[in-house]
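Peer 1: structure, please.
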Amino acid sequence: MAFAISACSTTGLQRSDDVQSTMETVDNDIKSVVVQIDAIGASLDELTKPNQADLGKAFELFSENASKIKNMEQNFSKHAAEMEESGKAYFDAWESDIEEYDNAEIRQRSVERREALGETYDKIAENNVGVKEAFRTYVSDINEIERFLSNDLTGNGINSIKPISDDIVGNGSQLRNELRSLQSAIEEARMQMRRS
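Peer 2: Below you'll find the predicted structure:
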């Protein structure tokens, strides 16, 4: 009997640890992405500034940043999906466990705690709704600017793309703010799930 209780507890703890681990991974992804968005904005501003003395070097730096953000977007998308899956598994299993309690008061407390933590965790999903698509669009736009300039790295080419690149830098700032909102929701959920 003691072994059975211990095994169930460990399974619940493991599910909790899995959720927290995936949240930590996404949180770390966001920190890196925010830095990279700033690097892209700076390198794009440098590349498109009037009378840029070394277009080749400025383009190379921008191109490196574009490549990095593409990989980061793929990792973020994968890790965010893993976080969603582990969260769903955690809360689904918790809901199933509630029915196993014979003591009505313990069952009620479990319902209350699950609902409270679920509301906090739902904020992650709410904040994540537009982030993945906005991120994908931003990366696509950055890579298209890179492709455009690789074909026309001239003063006229840069002048023609500058208004679009300015808009995309603005989109990057908006994406950074959305990512930070998602990060805040993740940090709140992690704090509530922390055992210490």
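
Peer 1: packing partners for whichever strand or helix holds residue 79?
Peer 2: Using DSSP states H and E, the element containing residue 79 is helix 55-98. Helices and strands touching helix 55-98, by 3 or more C-beta pairs under 8 Å, 6 or more residues apart in numbering; DSSP states H and E, are helix 2-48, helix 104-128, helix 131-151. C-betas here are computed from N, CA, C, even on glycine.

Peer 1: and it, average pLDDT?
Peer 2: Average pLDDT, helix 55-98: 93.

Peer 1: might you report the residue contacts of residue 75?
Peer 2: residue 29 (C-beta atoms under 8 Å, 6 or more residues apart in numbering).

Peer 1: how close does it sit to residue 82?
Peer 2: Applying C-beta to C-beta, to the nearest Å, the value for residue 75 to residue 82 is 11 Å.

Peer 1: same deal with residue 20?
Peer 2: In terms of C-beta to C-beta, residue 20 sits 12 Å off from residue 82.

Peer 1: who's more crowded, these two?
Peer 2: Applying other C-beta atoms under 10 Å to residue 20 and residue 82 shows that residue 20 carries more neighbours, namely 19 against 15.

Peer 1: flag the shaky bits of the protein, pLDDT-wise.
Peer 2: 1-10, 196 (pLDDT under 70).

Peer 1: 50 instead, please
Peer 2: Along the chain, the model assigns pLDDT under 50 to residues 1-10.

Peer 1: relative to helix 131-151, how tilted is the helix holding residue 79?
Peer 2: 160 degrees (axes from the mean of the first three to the mean of the last three C-alpha atoms, to 10 degrees).

Peer 1: for the closest residue to residue 29 other than its chain neighbours, what are its contacts?
Peer 2: With C-beta to C-beta, 6 or more residues apart in numbering as the criterion, residue 29 has its nearest non-adjacent residue at 4.7 Å, and that residue is residue 76. Neighbouring residues of residue 76 by C-beta under 8 Å, 6+ apart: 26, 29-30, 33, 132, 135.
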